[in-house]
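A.B. asks: The following block contains a protein sequence and its predicted model.
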Protein chains: 2
Amino acid sequence: MKSASDVFKEIDLLFHPRAIASVGVSHKTGNMGMDFLVAIKEQGYTGKIYAIHPNKKIPGIDTYPALTDVPGPVDHVLVCVPARLVPGVIEDCVKKGVRSVVIFSSGFGEWGTEEGLLLEKEVARIAGKSSIRLIGPNCMGLYCPDSGLSFRSDLPVIKGGKIGMISQSGGVAQTPVFTGGEKGIGFSKSISYGNEIDLGAAEWLVYLGEDPATEVIFLYIEGTRDGTALLHSLKAVAGKKPVLVVKGGKTGAGGRAVQSHTGAMAGAGIIWETLCRQTGALLVDDCNEMLDTAMALTMTQKPRGRNAVLMSVSGGFGVMFTDLLEDAGFHVPELREPVRNDLRKCIGNPGTSIRNPLDMAGSFWEVHNFPNIFKLLNDEDDIDIFIIVLAMEYLALAKDSDTVVRLSNYVVDGLIKGLEMVNKTVMVVFSETYMSHHRLELEKQIISSGYPVYPTLQRCTRALNNVIAINKID
Amino acid sequence: MKSASDVFKEIDLLFHPRAIASVGVSHKTGNMGMDFLVAIKEQGYTGKIYAIHPNKKIPGIDTYPALTDVPGPVDHVLVCVPARLVPGVIEDCVKKGVRSVVIFSSGFGEWGTEEGLLLEKEVARIAGKSSIRLIGPNCMGLYCPDSGLSFRSDLPVIKGGKIGMISQSGGVAQTPVFTGGEKGIGFSKSISYGNEIDLGAAEWLVYLGEDPATEVIFLYIEGTRDGTALLHSLKAVAGKKPVLVVKGGKTGAGGRAVQSHTGAMAGAGIIWETLCRQTGALLVDDCNEMLDTAMALTMTQKPRGRNAVLMSVSGGFGVMFTDLLEDAGFHVPELREPVRNDLRKCIGNPGTSIRNPLDMAGSFWEVHNFPNIFKLLNDEDDIDIFIIVLAMEYLALAKDSDTVVRLSNYVVDGLIKGLEMVNKTVMVVFSETYMSHHRLELEKQIISSGYPVYPTLQRCTRALNNVIAINKID
């Protein structure tokens, strides 16, 4: 068995090809062979790019009739021809000595036909004569903003991302990248691997486990051909880095859907729950929960315990969110009297309360007090977690949107400055109410300052509970 | 005891005052007496408006030194003076023969001081000499876009809204109005009633139960002085209209927060759960769940059962959301072979699946097929609910945002046209991924066409389960 560092070295080369060729390129709208080339060109890939077409010249791209006609080396090949033509392309890849092939084409094992299964075997047999690594078929391949690999020209390009994604579904490999990108949260890699003829979940896990750029690993998996290898990988990797798993096809109907999708055997939910518990990986429900948890894991301190201070402008939301925190297993302890006496000097407007939750009312606009307030709370041993509740309608009461923008920027700037005093867990709940566009700008500002932001208290507590479970804090 | 229709007639007058006076008006920024007057002026109130100030003239507003100096009738008075001055103002209100008074001022029972409690009693005693109805103290008062009443000049003004809100918290009385307004969902009324010296939850419930403009009632309540009256009201009203309740202070820490907020006795969660179960009201967790449920209740058919057809562009999300639907108690039955054969004529692109979930892949852009597809599915007795899954990255694959806008508009237009074939429950899940601003425009378009939209599958199933519980469908 290869060592983890050998797996890393071998696979990491695939993310840094010297030249990429696309087979199955045409001018028709929606031609994926062409779209893939445009994507890598526009997303920062700086190596050589070739199109392969038997008898047409693709304008603006070096075109050759066959892969074997390309004069220089080709490390990575994208295959978008009909399934029955794929074996011939792989023969050429072997002759050309390429490192890796992404087979986008569908019509293999996922169709459940004898022909599809035979084609898969044939492709594997041909590639097996060489050291070529296959990705797919029925997949989107590799996204890596640091080296310019991509499969859509509209994917966000954020360098230095910390989340590594492994997905059996091409859609699931993209959506969290878009969602994260909208808020300024980047991915180190996203891997859409499809039917795993060759490279599969187990090996990708080992790779990302060794990858220094990746701090948190997402796995969307429907099924695997080698459960034992997956078990070993999960155990080895989840011991080093958080691994968040969405298992597609946990339920009966979901399992049937998997058959039509990747052709994998789905396996019951209970098996996967046990698998995750044994290995230390964490089963989550969807991509939002993955991203929410990754934010908490990578952006703020681990909580030392479950005691939270909750700061809100509205007394009613303070009450409601205190209930939700307690229901989710957290505590909102009453602050000690000496602290309350000190806080009272900074939070004195009518309608305020300082017992915890902190009901800030008008004192929320006196941002010069935030450093003092946060220093006092940070010094309290009894407080592990800061939860700051924002909403556009708290941040500025004004009719004209220019004033709202100016005032809310002022408060958020002050808040971020104040939070510098805090070296405990900080979570921001920024409710989605109105002026969504400006809310998103403020959310990005808070995130870029290093604090995770959630649209609801429930998503915040879910992420916190996941961090606590992963770090075995309870 | 007054009949429900008498209660309605008496209270409905309060929403249609001929003239409104504000006591405690000044020019200082943040003066609420002034802000309230600006709010009603700008939000469409067409009656007479007066400011009361002992020795200054407020520019642009008819100002008098005392309420009793106003020449014509005054029906509704807003009181923003310090608590100790409130009894004197109420004396003047009695002399002037006003119908209703909103006491914004805080410093009464919610402070837990003897002085505050005595002031409440004094105010109640003075008003008791007349037929004046008191709202508050410690509240924001009345919002009614149909008659121009409001308490913030930036609240959305949407006529014909169907949701009536009763809230003990001023913050909670506003936030759902903003959130709904952002999507084009209106409120018939929002009532912030605070400490309920006089008008309280029980009477407001009876009023909204009779109000023909209100189809769904929200109640945010921390505590009440008259549990028996509340029980009777809930029972009577929840039998006629859906009543969704958020109980603030269900937990120990939440109850402590309530004491600092409205001074009410909170009462344990279990009591409120029992109360709701006995009366047919539905306990929900927060304002999002209230709005989500209200959308499903007012905009689409009641489901006849729990069988759903799920339509998505991405196979992976089809699988994931099928699991989530099954986990939430719904079924995603395999479609019958004859239906699949007919669907196959419309959904034929590579990568599609038509067993249910429907994995549309490229066929999602062939919008001319939507009417046929939806007609076929609507005719299936086995299907009760349509769940359509959207996300910006499915709606258009393009780098330039103009093309994304054009293509996504095209698909959503086609979808809405196709859904005209459907007379069953329709729920749209429109994931929040990227291009949030345009996503919101499309969300508003879908909502204005009559279909509820949710940001996550979980919020969609939660709302559906609430509709099923309220209508006792299981």
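C.D. replies: All right, it came through fine.
A.B. asks: going forward, measure contacts and count neighbours with C-alpha atoms only.
C.D. replies: Fine.
A.B. asks: Run through who's touching the lowest-mean-pLDDT helix or strand in chain A.
C.D. replies: Lowest by mean pLDDT, DSSP states H and E among the helices and strands of chain A is helix A:252-261, with a mean of 82. Helix A:252-261 is contacted from outside by A:110-112, A:222, A:248-249, A:264-268, B:315-316, B:318-320, B:322-323, B:326, B:331-334, B:351, B:353, B:355-357, using CA atoms under 8 Å, 6 or more residues apart in numbering or on different chains.
A.B. asks: Where does the stretch 51-200 of chain A get nearest to chain B, residue-wise?
C.D. replies: Closest contact between the stretch 51-200 of chain A and chain B, by CA to the nearest CA, is at A:T179 (4.1 Å).
A.B. asks: and the spatially closest residue to that residue that is not a sequence neighbour, backbone torsions?
C.D. replies: Setting aside the residues directly before and after it, A:T179 is nearest to B:T433 in space (CA to CA, 6 or more residues apart in numbering or on different chains), at 4.1 Å. Backbone torsions for B:T433, taken as degrees, to the nearest 10, come to phi -120, psi -80.
A.B. asks: so what's B:T433 up against?
C.D. replies: Counted by CA under 8 Å, 6+ apart, B:T433 has contacts A:175-176, A:178-180, A:182, B:391-393.
A.B. asks: before we move on, the earlier item: now restrict the contacts of helix A:252-261 to buried residues only.
C.D. replies: Buried by 16 or more other CA atoms under 10 Å in any protein chain shown: A:110-112, A:222, A:248-249, A:264, A:266-267, B:315-316, B:318-320, B:322-323, B:326, B:331-334, B:351, B:353, B:355-357, out of the contacts of helix A:252-261.
A.B. asks: could you give the mean pLDDT of the host helix or strand of the residue of the stretch 51-200 of chain A closest to chain B?
C.D. replies: Here A:T179 is covered by helix A:175-183, with elements defined by DSSP states H and E. Averaging pLDDT along helix A:175-183 gives 98.
A.B. asks: Remind me what that helix packs against, helices and strands.
C.D. replies: Under the contact criterion of 3 or more CA pairs under 8 Å, 6 or more residues apart in numbering or on different chains; DSSP states H and E, helix A:175-183 touches helix A:287-299, helix A:436-448.
A.B. asks: So which of the ones you listed is nearest chain B?
C.D. replies: helix A:436-448 (6.1 Å).
A.B. asks: Could you pick out the residues of the stretch 51-200 of chain A near chain B for me?
C.D. replies: A:106, A:152-154, A:168-172, A:175-176, A:178-182 (CA under 8 Å from any CA of the partner chain).
A.B. asks: Who wins on neighbours among the residues you listed?
C.D. replies: Of those, A:Q168 is surrounded by the most neighbours, 30 neighbours in total, counting by other CA atoms under 10 Å in any protein chain shown.
A.B. asks: Give me the subset of the contacts of helix A:252-261 lying in helices.
C.D. replies: The helices, defined by DSSP state H, take in B:315-316, B:318-320, B:322-323, B:326 from the contacts of helix A:252-261.
A.B. asks: can you put these in TSV and add distance to chain A and pLDDT?
C.D. replies: What follows is the ones in helices among the contacts of helix A:252-261, written out as TSV (distance: CA to the nearest CA, whole Å; pLDDT from 0 to 100):
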residue	distance to chain A	pLDDT
B:G315	6	88
B:G316	5	92
B:G318	7	95
B:V319	5	94
B:M320	5	96
B:T322	5	96
B:D323	5	96
B:E326	7	96
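A.B. asks: Buried residues of stretch A:285-305, list them for me.
C.D. replies: Judged by neighbour count (16+ other CA under 10 Å), stretch A:285-305 contains these buried residues: A:285-303, A:305.
A.B. asks: Mind listing residues that contact it?
C.D. replies: With CA under 8 Å, 6+ apart, stretch A:285-305 has contacts from A:162-163, A:172, A:175-176, A:180, A:215-216, A:218, A:244, A:246, A:284, A:384-385, A:423-427, A:450-452, A:454, A:459-460, A:462-464, A:466-468, A:473-474, B:320, B:324.
A.B. asks: residues from the stretch 251-400 of chain A in reach of chain B?
C.D. replies: Residues of the stretch 251-400 of chain A lying near chain B by CA under 8 Å from any CA: A:251, A:253-255, A:257-258, A:260-261, A:285-286, A:314-320, A:322-324, A:326-327, A:331-334, A:350-351, A:353, A:355-357, A:393, A:397-399.
A.B. asks: Check which helix or strand A:L464 maps to.
C.D. replies: helix A:457-470.
A.B. asks: quick one: A:R462 and chain B, what's the gap?
C.D. replies: As judged by CA to the nearest CA, to the nearest Å, A:R462 and chain B stand 13 Å apart.
A.B. asks: Give me the mean pLDDT for stretch A:365-377.
C.D. replies: Here stretch A:365-377 scores 96 as its mean pLDDT.
A.B. asks: ugh, typo on my part, it should be stretch A:222-242
C.D. replies: The average pLDDT for stretch A:222-242 rounds to 93.
A.B. asks: Would you mind writing the CA trace of it as PDB?
C.D. replies: Presented in PDB, the C-alpha positions along stretch A:222-242 are these (Å, rounded to 0.1, in the frame of the first residue of the first chain):
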ATOM      1  CA  GLU A 222     -23.400   8.300  -2.900                       C
ATOM      2  CA  GLY A 223     -21.600   5.000  -2.800                       C
ATOM      3  CA  THR A 224     -18.200   3.400  -3.200                       C
ATOM      4  CA  ARG A 225     -16.800   0.200  -4.800                       C
ATOM      5  CA  ASP A 226     -14.300  -0.300  -1.900                       C
ATOM      6  CA  GLY A 227     -15.800   0.200   1.500                       C
ATOM      7  CA  THR A 228     -12.800  -1.100   3.300                       C
ATOM      8  CA  ALA A 229     -10.500   1.400   1.700                       C
ATOM      9  CA  LEU A 230     -12.900   4.200   2.500                       C
ATOM     10  CA  LEU A 231     -13.100   3.100   6.100                       C
ATOM     11  CA  HIS A 232      -9.300   3.200   6.400                       C
ATOM     12  CA  SER A 233      -9.100   6.600   4.700                       C
ATOM     13  CA  LEU A 234     -11.800   8.100   6.800                       C
ATOM     14  CA  LYS A 235     -10.200   6.900  10.000                       C
ATOM     15  CA  ALA A 236      -6.700   8.100   9.000                       C
ATOM     16  CA  VAL A 237      -7.800  11.500   7.700                       C
ATOM     17  CA  ALA A 238     -10.500  12.400  10.200                       C
ATOM     18  CA  GLY A 239      -8.000  12.000  12.900                       C
ATOM     19  CA  LYS A 240      -5.900  14.800  11.400                       C
ATOM     20  CA  LYS A 241      -8.500  17.200   9.900                       C
ATOM     21  CA  PRO A 242     -12.300  17.700  10.200                       C
END
